[in-house]
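J.: Take a look and give me a structure for this.
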Amino acid sequence: MAKAAGRGSYERERVKMTAATVERAARMIQEGKLVGRGAEIADVDTPGLTLRITRAAGTWYLRHRKGTFRLGSMDALTLPAARLAADRARRDVEAGVNPREDLHVFEAVLAKGKPVELAADAAFAETVEVQSDEDRRRRGPWQWQDLMAEFLAAKLPDLKESYRRSYSAYHAGPEFEPIERLELASIEISDLEELRDRVIESRTLSAAARVVAQCKEALTWGWRSHATRSGLADEKHAWWQERWHIEYSPKAREHTPTIQELVRTLLVIEHHRTLSSTDQETENGMLAAVWAVVLTGQRTGSLGRTRRDGVIPMPDMPGWEVWTWTAKEMKSGRRGGRPHALPIPPAAIAAIDRLGADPSSPWRFPSRVDGKHVTPAGFTGLFHRLEGKTKAGKTRKGKKGPLFKRPHGNLFERYGIRVWTPHDARRTLGTFLDEEQLGGAGSAILAHARDKTENREEARIEDVTRKVYARAQRLKLKASGMAPWIDHVLEHYERERARFKPLPLP
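T.: Below you'll find the predicted structure:
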């Protein structure tokens, strides 16, 4: 063999196959000369044609960029028959047709001793003119790619605008290529399980869980809402809901960082602005945003969208500001969020302003991209750099490339900080105010729901008077919690800064 392999893989070679090649493979099976799992022989004259031999049998396969397809057993298919099957199967795959059923018929007819020509006529009927994508979308039957496009067109308008791109990412990618042009009616559980496994291998288990859940929803939507066009009209029930499964249980985080850990992290970020393989620094807007996370406990999505024109003076409290967010800017589900306003003490304003975020930007926390604001992805990237996590490069086709480690290592660990995320800071703020018997203020600051039957505050800031808005948003209650919390954070920050010693980095 041209290439040896370990015990868990096949020996592989590429040759111009002849009848002698097949006879040699048969002898290897009979004489038990195979090592490891067996061997694979690829035919250089027929793209993708592979003969896999194990201790038990020989099997012909077609390897294609859209999947691997079993052509038949070595006992039933001669080399010419295998080449014919590979050519016909490749043609079907390129046309978006699943060839498995035709290949099964082809093998069955040959196994009965019938001529190759008769088996080919029975299995591979001549195809009609290829249907256009537009006509297929309009009339059906849909391929997998059609279902994804039509489902997202119906689904995305109901989602929060900032979430649409993230949601769509779980319906696309190189892992989907093998099934993109398969008709929905021909999709089998094996196709779905292979998709799931490809995502697990190339992304993460949690990403695969999202792919399974969202694609099951898409299939059910097509089956219920467009049964005829989708080609799923003959399905008596949504079998994929029960049969397509993934073993995954998300673990809820309950970590509450100490105030020392929060302020020490701020100092680490300030002293180590460059934490990547490039000279790119943590920009002022991102540093200010991390400070704001600690000082306000707000979610990164809404915090990043803090508009300067949404900042108003605090009624009856000179020097204070009120940061406001509309329902669309707050974290929300399909029906949207609730408007939120938060009073900010002068000391917090000064602490954030000293970090130098561009005051001419329309956003309170601008990113390095002109006209844009910091995003949750930016927070995630920064905290990954602090943790020293490996980072995957990407190939030209968008697939993950080789991994590398950040040379500075885990800065959380080196500075004696337990790893935390921006969302964890909310628990620290809430715990402090609970201990100060200001739990009600904490819930209001963190925008926790007060009552499911409460009337939703749909009015925008400009639609109500400042006095009415202050009462509706309970600004006095929130201020009673913000004042002691800000003092608590800044006091510990100054104390920690006095003894902070930056570590040398590679």
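
J.: what about the closest residue to S162 other than its chain neighbours, helix or strand, and which?
T.: Counting by C-beta to C-beta, 6 or more residues apart in numbering, G301 is the residue found nearest to S162 once chain neighbours are left out, at 6.5 Å. Where you see a C-beta, it was placed from the backbone N, CA and C, and this is true even at glycine. Element membership of G301 [criterion: DSSP states H and E] is helix 300-304.

J.: From the contact counts, what lies against that helix?
T.: If you count contacts as 3 or more C-beta pairs under 8 Å, 6 or more residues apart in numbering; DSSP states H and E, helix 300-304 packs onto helix 284-296, helix 376-387.

J.: With respect to burial, which of these scores highest?
T.: helix 284-296 (a mean of 24; mean count of other C-beta atoms under 10 Å).

J.: How are the strands of the stretch 1-150 of the chain distributed by residue range?
T.: 10-15, 38-43, 49-53, 58-64, 67-73 (DSSP state E, counting those that start in this stretch).

J.: next one: the third one to chain centre, how far?
T.: Taking the mean C-alpha point of strand 49-53 and that of its whole chain, the gap between them comes to 35 Å (C-alpha atoms, centre = their mean, to the nearest Å).

J.: what angle separates the longest helix along the chain from helix 284-296?
T.: Longest helix in the chain, counting residues (DSSP state H): helix 475-499. Angle of helix 475-499 versus helix 284-296, following axes from the mean of the first three to the mean of the last three C-alpha atoms, to 10 degrees, is 110 degrees.

J.: who touches helix 475-499?
T.: Helix 475-499 is contacted from outside by 259-260, 262-264, 266-267, 294-296, 314-315, 317, 320, 322, 341-345, 347-348, 351, 429, 432-433, 436, 438, 440-442, 444-445, 470, using C-beta atoms under 8 Å, 6 or more residues apart in numbering.

J.: Give me the phi and psi angles of I312.
T.: Main-chain dihedrals, I312, degrees, to the nearest 10: phi -130, psi 160.

J.: Mind telling me what element the residue positioned nearest the centre of the chain is part of?
T.: Residue closest to the average C-alpha location in the chain (C-alpha atoms, centre = their mean): A207, at 4.9 Å. For A207, the element it lies in under DSSP H and E is helix 205-225.

J.: and the nearest residue to E107 once chain neighbours are set aside, what is it in contact with?
T.: With sequence-adjacent residues excluded and distances taken as C-beta to C-beta, 6+ apart, E107 is closest to G72, at 3.5 Å. Contact partners of G72, counting by C-beta under 8 Å, 6+ apart, are T59, W60, A81, A82, A85, L103, F106, E107, L110.

J.: And the fifth one, what's its pLDDT?
T.: Looking at A85, its pLDDT is 93.

J.: does it really touch L77, like I thought?
T.: Yes: with contact defined as C-beta atoms under 8 Å, A85 reaches L77; the gap is 6.5 Å.

J.: which regions of the stretch 201-350 of the chain sit below the pLDDT cut-off?
T.: For the stretch 201-350 of the chain, applying pLDDT under 70 flags the ranges 251-253, 276-280, 331-337.

J.: Got the domain ranges for this protein?
T.: 10-123, 133-243, 259-499 (automatic domain parsing).

J.: Any idea how far apart the tips of the longest one sit?
T.: This means domain 259-499. 15 Å (C-alpha to C-alpha, to the nearest Å).

J.: Repeat that for stretch 236-256.
T.: Note: stretch 236-256 ends 49 Å apart using C-alpha to C-alpha.

J.: Would you mind giving the strands of the stretch 1-150 of the chain as CSV with distance to T306 added?
T.: Formatted as CSV, these follow (distance: least, C-beta to C-beta, whole Å):
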stretch, distance to T306
strand 10-15, 57
strand 38-43, 58
strand 49-53, 58
strand 58-64, 51
strand 67-73, 48
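
J.: hmm, back to that, list the contacts of the helix holding G301.
T.: Outside helix 300-304, the residues touching it (C-beta under 8 Å, 6+ apart) are 162, 289, 292-293, 296, 325, 329-331, 340, 363, 365, 373-376, 378-379, 422-423.

J.: mind exporting that helix as PDB, just the C-alpha atoms?
T.: Output of helix 300-304 as PDB, limited to C-alpha atoms (Å, rounded to 0.1, in the frame of the first residue of the first chain):
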ATOM      1  CA  THR A 300     -23.700  44.200  27.000                       C
ATOM      2  CA  GLY A 301     -26.100  44.300  24.100                       C
ATOM      3  CA  SER A 302     -28.100  47.200  25.400                       C
ATOM      4  CA  LEU A 303     -25.200  49.000  27.000                       C
ATOM      5  CA  GLY A 304     -23.300  49.100  23.700                       C
END
